[in-house]
Each structure stands twice: as C-alpha cells, then as structure tokens.
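>>> what's the 3D shape of this:
(one chain, ligands or ions: 2)
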Amino acid sequence: MSAPDPAPQKTGGEPTVERLSAPQKALRQLGLTRDIDLALHLPLRYEDETRITRLADAHAGDAVQFEGAVTHQEVAVRGRRQLLVMVNDGSATCLLRFFHFYPTQLKQMAVGVRLRVRGELRGDARSGSLTMMHPVVRAAGGDLPAALTPVYPSTAALPQAYLRKVVAAGLARADLSETIAPECLSLIPALRSCSLKDALSFLHHPAPGQSALALEDRSHPAWQRLKAEELLAQQLSQLAARRERAQLQAPLLTARPGGLPDQLLAALPFALTGAQRRAADEIARDLGLPRPMQRLLQGDVGAGKTVVAALAAAIAIDAGWQCALMAPTEILAEQHFSKLAEWLEPLLAPLGKRVVWLTGSQKKRERAAQLAAIESGEAALAVGTHAVIGEQVRFARLGLAVIDEQHRFGVQQRLELRHKLSEQEREPHFLMMSATPIPRTLAMSYYADLDVSTIDELPPGRTPVVTKLVHEQRRGEVIARVHDWAEAGRQIYWVCPLIEESDSEDEAMQALRNATQAHADLAAALPGRDVGLVHSRLPAAEKKTVMARFAAGELPVLVATTVIEVGVDVPNASVMVIEHADRFGLAQLHQLRGRVGRGATASACVLLYGAADGPPLGPAARERLKAMRETHDGFEIARRDLAIRGPGEFLGARQSGAALLRFADLAEGDPILAWARRAAPVMLDRHPNLARRHVQRWLGGRAEYLKA
Ligand code: ADP
Ligand code: MG
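Ligands and ions are numbered 1, 2, ... in the order given. Reported below is the predicted structural model:
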C-alpha cells in the first residue's frame with residue numbers, strides 16, 4: 001500500500017480524468033479509487049451459482065440455475081416481438097422469454113445446444129408451464145463457482161461482471177494487514193476471531209453453505225469486525241482532530257472582576273438559571289485556556305442559550321478581543337443582533353465600541369461601514385448570517401466565534417468557516433449552539449471532537465403549552481377559535497411550514513399557497529383586524545416590518561411559512577397553529593412549538609393533521625404527533641425521534657457531505673461503539689503509526705469532513 005497521505009491519491013502514472021473509460025469514470029463516481037476502496041465495496045446481496053437445480057424440484061419464485069438442451073426456438077410476435085426458447089433438463093421443461101435480444105443469441109440458443117440458465121422461475125413444473133424472463137444464459141458445463149456470487153451496488157455504466165472483476169482484483173491487492181493494536185483487539189472476541197481480511201473474504205465470497213440470513217445478519221463476526229473498524233476510524237480521526245487543535249494557540253480570554261460579564265449580569269432583567277450558570281462557567285473556564293475552545297452548547301428551545309453566548313462574548317470583549325456570532329437565517333440573525341445590542345451596547349459605548357450587523361441583503365454603503373468597523377476593531381461584536389465569514393470581512397482581533405443552530409449550516413459551510421477563521425494569527429475559540437439536544441452518550445460519540453455543555457432547565461415562569469391534535473376537517477372550528485383568542489387580546493402564530501432543509505421549488509410554492517390561503521381565511525374571519533403574512537419570498541425589509549409589528553403587538557395573527565422557525569422570540573404570542581403537522585419532523589414541530597409558552601399566559605399549540613378526504617396517517621406520522629401531545633421535554637422528544645428514525649437518519653445532517661459511516665450506526669448503548677471510544681486514545685497514545693494507517697485506510701481523503 002502507498003504511504004499515508006491525507007490528500008486523495010493522485011499519482012503521476014494515472015490517466016487524466018478525460019482519458020478514463022466509461023467504467024473507470026463510474027468507479028470514480030462511486031468513490032472507488034484505491035484498492036482498499038474496492039475491497040470495502042461490499043455486496044448488496046448474493047446469487048447462488050454454486051448449484052445446478054433439477055427443474056422438477058424447483059418452485060415458482062425460486063432463483064435457480066439449471067442445465068438442459070434447447071428443444072425449440074422461435075421469434076414470435078405476440079403483441080411484442082419476442083424470442084422464445086424451450087429448454088428441457090430431463091426432469092421438466094422451461095420456456096425462456098426475451099423481449100430484447102441480439103441475432104447472436106439465436107445462434108447461442110439454437111436447438112440442440114446445451115445451456116446453463118439462471119433466473120427466477122415462474123409458473124409450475126407439474127403443469128409444464130415453467131418460464132423465465134430474461135434469464136442469464138451461457139453454454140452448459142464448466143466448473144461451478146465455489147462461493148456465492150456477489151451483487152454489488154453499482155451504476156448503469158458499470159456492469160456487474162466488470163465490477164466483480166475489479167473488486168476481486170482490488171481485494172487481492174489491498175493491504176489488509178492488522179491496524180488494530182493487540183490490546184484493543186483482545187477486548188472483543190469477534191475481533192480476535194475474525195481479521196479484516198477474513199471479514200472481507202467472507203463477505204465478498206461467502207461459502208455456499210452460508211444462508212442469506214447469516215450474511216445479512218449484522219451480528220455476524222464479519223460485520224462486527226467492519227463496524228468496529230469503521231467506528232474506530234471515526235473516533236480516531238475526531239480524537240486526532242481534537243488533539244491537533246489542542247496544540248494551537250488561542251488567546252487567553254479572562255474577564256476582570258467587575259468587568260463586562262459582571263456588568264452584563266447586573267444589568268439583565270433576570271437571574272441565570274442553575275443550568276445556564278453551569279454552562280457559562282464551563283465556557284469561561286475554556287476561554288481562559290491558551291488552546292481553542294471547541295464546545296457545543298445544547299439546550300431545548302427557549303432554554304436561554306443566547307444570554308450564555310452573550311456572556312462568552314462579554315468575556316472576549318473584556319479581554320480586548322472581538323467576537324463573531326453567526327446564525328443560519330436572516331430573521332434569526334436580526335433577532336440576535338437586537339437582543340445583543342440591547343444588552344451590550346450600553347456597556348460598550350463608554351469604551352468607544354459597538355455591535356455591528358452583517359447580512360447578504362445589506363446595501364453597499366451600509367455594509368462598507370460595518371466592514372470598516374470590524375477591520376478597525378471598533379466593532380466588538382459582529383452578528384449576522386454566513387455573510388460574517390464573507391470574502392471581505394477582516395477582523396482586527398477575533399477571539400471567539402459563536403455559531404447558532406450549527407446543524408443547520410451545511411458541512412461545506414462549516415468547513416469554510418473553519419478555514420476562514422483559521423487564517424488568523426491566533427485560532428479563535430469556538431462555541432456552537434444547538435436546540436436539537438441529543439442524548440449525552442450519543443453526543444459524546446458523535447461529536448467526539450467537541451466538549452458538550454447542556455442547559456437542561458427552562459427559565460422559571462414558563463407556562464406549559466397544551467398541545468391538541470385536530471383533524472383538518474375541523475379547520476373551520478380552529479379558525480373560529482383563533483377569532484375568539486384574538487378578541488381576548490392573545491397573539492397567534494399560524495404556520496404552514498416548509499419542509500426542513502428542502503430546497504424543492506414545489507414545496508416552497510406549496511407552503512406559500514397554503515399560507516396565502518390561510519391568510520385569506522383568517523382575514524375573512526377577523527374583519528377589521530390586520531393579519532400579518534411572512535414567507536420566504538418576501539423581501540427582507542418587508543419581513544422585518546411585519547415581524548416588528550407582530551412583536552409590538554399590532555397584529556393579532558401572523559401567518560408564516562418557515563421564517564419564524566428558529567429562535568424568534570415574541571413572549572406575548574401564546575397560541576400556535578401548525579397546518580399539515582403530520583408532514584413534519586418531530587424536531588421541527590418541537591422547535592416551532594417552542595415559539596409559544598414564553599410569557600405568563602397559558603399557551604396552546606394546535607396541530608392540524610390529515611387532509612379532508614385523505615388517507616389515514618402512517619405509523620411514523622402518528623408516533624410523531626403522539627410524542628408532541630405527550631411531552632414538551634426536548635430531550636424526551638429527541639429520544640423518541642431517535643427511536644422513530646434510527647440514528648443514521650436522525651444524525652444525517654452531519655454526514656450528508658459524504659456518507660461516512662457505511663456499516664456502523666452510532667446507536668446508543670452499542671458495545672462496539674463503547675469499545676471504539678475506549679480504543680481510540682490507546683491507539684493514538686501507544687500506536688500512532690497503526691492509528692494513522694487505520695484512518696487512512698478507512699477515510700482516505702474524507703477525514704476532513706468529520707471535522708466539519
Ligand atoms: P434559546 O435557547 O432557544 O436560544 P433564548 O436565548 O432565545 O432561548 O431565550 C428565550 C427567552 O428566555 C428570551 O426571551 C430570554 O431573554 C429569556 N431568558 C433567558 N434566560 C432567562 C432566565 N434565566 N430567566 C428568565 N428569562 C430568561
Ligand atoms: Mg436561540
């Protein structure tokens with residue numbers, strides 16, 4: 001094998017991309033460039049060519065292989081032109097039917113020729129009506145293979161026969177020597193008994209005695225070995241990234257007693273909850289170390305993460321550094337800006353510093369002024385969308401970067417952010433925030449490169465939200481209730497959400513149509529009152545005006561598509577109606593509901609589901625709605641979501657850049673995962689060369705994505 005080299009392999013002798021043959025290009029597209037990639041490309045299923053079956057013993061539906069002589073051949077036109085070939089194996093007769101065929105096949109299957117035929121049987125042997133559609137046909141005789149025939153995931157440009165050959169060659173050439181240290185191997189019996197080489201030979205070319213069940217059963221030692229190897233690679237690469245970052249120099253950010261953080265705490269209209277204080281202390285401790293903080297702050301919607309971030313910013317600013325805060329949407333960034341400016345500007349003004357705001361939709365002049373303030377250091381804190389890491393943005397002294405709702409940024413954007421912020425002389429500290437809490441052990445495996453702080457307590461005075469499920473047929477009644485609520489002085493969100501992370505034009509249009517319809521219905525039900533409407537197509541300035549009017553209590557009802565989804569804070573809003581609730585993910589519904597129940601009034605959430613004449617809900621949708629009705633606890637919601645979707649999909653966002661884990665899931669309580677977490681530091685400390693080879697083998701050039 002080649003020497004470890006983190007870059008994707010580009011050796012001099014390789015043909016350039018333009019000169020690759022079609023199958024070679026297809027191999028590239030599947031990511032099959034190195035021998036080891038081919039060796040790790042495992043079959044989807046297997047075909048049994050090891051046996052010849054007597055037709056008389058076979059049953060309809062069986063995939064069988066038989067040998068027999070052609071007794072009749074004709075090209076018939078029965079509706080469609082087709083080639084019909086009758087083959088007799090001495091026990092029964094089978095009719096082969098081909099709708100696509102070449103002239104050479106007529107010769108290959110001429111009367112009297114003996115054939116080996118493989119395909120799925122239909123019909124019945126006793127009545128003499130056995131048939132096969134488009135079977136695989138070759139001349140009879142010759143050796144039978146000793147192992148099952150693998151069928152690989154492939155593309156149209158890559159015939160199975162070719163893929164089988166290159167995979168077999170790759171498997172034969174690949175260096176499969178042991179990369180897991182003996183003291184780690186010894187902890188799991190399946191690993192001792194089955195080497196990587198054994199596991200791969202077994203899965204690529206299983207012996208005929210193996211039942212399909214054993215092969216697909218992921219508890220088989222071969223699968224256990226692959227899972228362990230892959231999880232170890234993931235843990236190793238994250239742990240290595242973490243240690244690498246620990247070597248970097250970050251500014252020491254400590255606040256003076258009586259400095260900005262203390263002043264901020266004194267000025268706040270509320271006291272921190274115990275959980276907020278704990279998280280703030282953990283962050284303060286990290287900021288006071290000379291290596292960059294890598295911390296994830298997770299907490300349910302409304303748990304009060306913003307003020308914890310503001311305290312972190314105050315520490316950085318007090319120490320003479322700048323802070324950047326990034327949010328995934330303009331509305332959310334704007335909300336953060338006004339909140340943080342309200343809290344911090346009075347404290348910053350005497351120091352000649354301020355908070356600035358950066359977004360893609362800003363006017364040139366305004367933007368230039370903000371950029372200048374960032375470059376001069378006058379801007380102590382810059383808040384914005386990902387415009388904060390734009391080309392022209394140059395911080396004088398960036399000490400801390402805060403990323404809100406980090407999972408909503410794509411893998412690529414997160415990598416860009418890292419690169420951009422690492423261009424500085426000193427590495428800034430990083431604080432990531434997420435309102436989608438995941439169970440602690442899962443968080444620790446999944447974010448093995450991060451420290452995790454959790455706010456597991458809501459601020460006092462919150463009123464629980466009563467959640468009701470209402471069928472779409474009763475929409476009229478709900479509208480009448482909205483009227484009553486509005487008359488009683490309450491504020492209502494009516495949401496026709498856009499499916500999360502969907503960029504399909506159709507879905508955006510549908511959400512918009514629904515919202516427009518709801519807006520018309522509600523306006524009709526509330527004569528003389530203004531009903532607000534915000535959707536993704538609205539220009540930013542208009543959105544801002546509508547939101548501001550709703551926040552000021554001027555609009556009783558706000559109809560919205562997706563814009564209020566994250567983080568919006570209007571404490572007086574106490575009712576939320578969500579249309580088509582059955583179509584949305586549990587996390588998204590929970591986030592939406594988190595917009596209400598922030599003030600003193602009792603709050604309600606109405607989930608409209610189903611269609612007036614639609615089919616009944618599927619089981620997953622029913623489970624989601626049930627979870628919403630039964631619990632408000634974000635951690636419980638996350639647990640149920642995990643149970644409904646499974647960890648692969650639940651955590652999908654982080655992996656979407658490249659399907660990184662192919663064999664393993666980061667399932668909670670998986671002993672192999674626990675093993676990988678224990679083995680990773682042992683490998684890095686005592687066997688750094690093996691560790692490097694292991695990561696290189698498994699991740700090659702993709703290791704980078706795990707750091708995002
Ligand atoms: P999230 O964690 O969802 O980002 P926010 O930071 O937006 O939550 O906080 C939600 C609301 O709770 C805000 O209005 C905030 O000012 C308020 N808040 C935060 N912490 C406290 C506290 N300790 N006591 C009372 N209100 C608080
Ligand atoms: Mg928030």
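>>> which residues in the stretch 601-708 of the chain form helices?
Remark: helices assigned in the stretch 601-708 of the chain by DSSP state H, counting those that start in this stretch are 619-630, 634-650, 652-655, 671-686, 688-699.
>>> starting at the chain centroid, how far to the second one?
So that's helix 634-650. Between the centre of helix 634-650 and the centre of its chain there are 13 Å (Cα atoms, centre = their mean, to the nearest Å).
>>> Could I get the buried residue list for it?
By neighbour count on 16 or more other Cβ atoms under 10 Å, the buried set for helix 634-650 is 634-635, 637-642, 644-645, 647, 650. For glycine as for every other residue, the C-beta is placed from the backbone atoms N, C-alpha and C.
>>> Does anything pack onto it? Which helices or strands?
Helix 634-650 sits against helix 586-593, helix 619-630, with contacts defined as 3 or more Cβ pairs under 8 Å, 6 or more residues apart in numbering; DSSP states H and E.
>>> likewise the fourth one?
Here helix 671-686 is seen to pack against helix 182-185, helix 221-246, helix 440-446, helix 688-699 when contacts are counted using 3+ Cβ pairs under 8 Å, 6+ apart.
>>> can you list contacts of the helix or strand that the shortest one is followed by?
By that I understand helix 182-185. Where DSSP states H and E defines the elements, the next helix or strand beyond helix 182-185 is helix 189-193. Applying Cβ atoms under 8 Å, 6 or more residues apart in numbering, the contact partners of helix 189-193 are 180, 185-186, 221, 224-225, 228.
>>> will you turn those into JSON lines that also has neighbour count and pLDDT?
Converted to JSON lines, the contacts of helix 189-193 look like this (neighbours: other Cβ atoms under 10 Å; pLDDT from 0 to 100):
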{"residue": "Ile180", "neighbour count": "23", "pLDDT": "96"}
{"residue": "Leu185", "neighbour count": "18", "pLDDT": "91"}
{"residue": "Ser186", "neighbour count": "11", "pLDDT": "88"}
{"residue": "Pro221", "neighbour count": "17", "pLDDT": "87"}
{"residue": "Gln224", "neighbour count": "22", "pLDDT": "88"}
{"residue": "Arg225", "neighbour count": "28", "pLDDT": "92"}
{"residue": "Ala228", "neighbour count": "28", "pLDDT": "92"}
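>>> ok, of these, which one's closest to ligand 1?
In terms of Cβ to the nearest ligand atom, no member of these lies closer to ligand 1 than Ala228, at 37.1 Å.
>>> Setting the sequence-adjacent residues aside, check what's closest to that closest one.
With Cβ to Cβ, 6 or more residues apart in numbering as the criterion, Ala228 has its nearest non-adjacent residue at 5.1 Å, and that residue is Ile672.
>>> and that neighbour, what pLDDT?
On pLDDT, Ile672 comes in at 87.
>>> Out of the helices and strands packed on helix 634-650, flag the one nearest ligand 1.
Comparing the helices and strands packed on helix 634-650 under Cβ to the nearest ligand atom, the one sitting nearest is helix 586-593, at 8.7 Å.
>>> what's the most buried one of the helices and strands packed on helix 671-686?
helix 221-246 (a mean of 22; mean count of other Cβ atoms under 10 Å).
>>> Show me the contact partners of the next helix or strand after that one.
Per DSSP H and E, the first helix or strand lying C-terminal to helix 221-246 is helix 260-267. Residues from elsewhere that reach helix 260-267 (Cβ under 8 Å, 6+ apart): 255, 272, 284, 310-311, 314-315, 317-318, 343-344, 346-347.
>>> When you filter the residues you listed down to buried only, what's left?
Buried by 16+ other Cβ under 10 Å: 255, 272, 284, 310-311, 314-315, 317-318, 343-344, 347, out of the contacts of helix 260-267.
>>> from the residues you listed, which ones fall inside helices?
284, 310-311, 314-315, 317-318, 343-344, 347 (DSSP state H).
>>> Need those residues in JSON lines (columns: pLDDT and distance to ligand 1).
Listed next are these as JSON lines, based on pLDDT from 0 to 100; distance: Cβ to the nearest ligand atom, whole Å:
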{"residue": "Ala284", "pLDDT": "97", "distance to ligand 1": "17"}
{"residue": "Ala310", "pLDDT": "97", "distance to ligand 1": "9"}
{"residue": "Leu311", "pLDDT": "98", "distance to ligand 1": "11"}
{"residue": "Ala314", "pLDDT": "97", "distance to ligand 1": "15"}
{"residue": "Ile315", "pLDDT": "98", "distance to ligand 1": "17"}
{"residue": "Ile317", "pLDDT": "97", "distance to ligand 1": "19"}
{"residue": "Asp318", "pLDDT": "96", "distance to ligand 1": "21"}
{"residue": "Trp343", "pLDDT": "96", "distance to ligand 1": "9"}
{"residue": "Leu344", "pLDDT": "96", "distance to ligand 1": "14"}
{"residue": "Leu347", "pLDDT": "96", "distance to ligand 1": "17"}
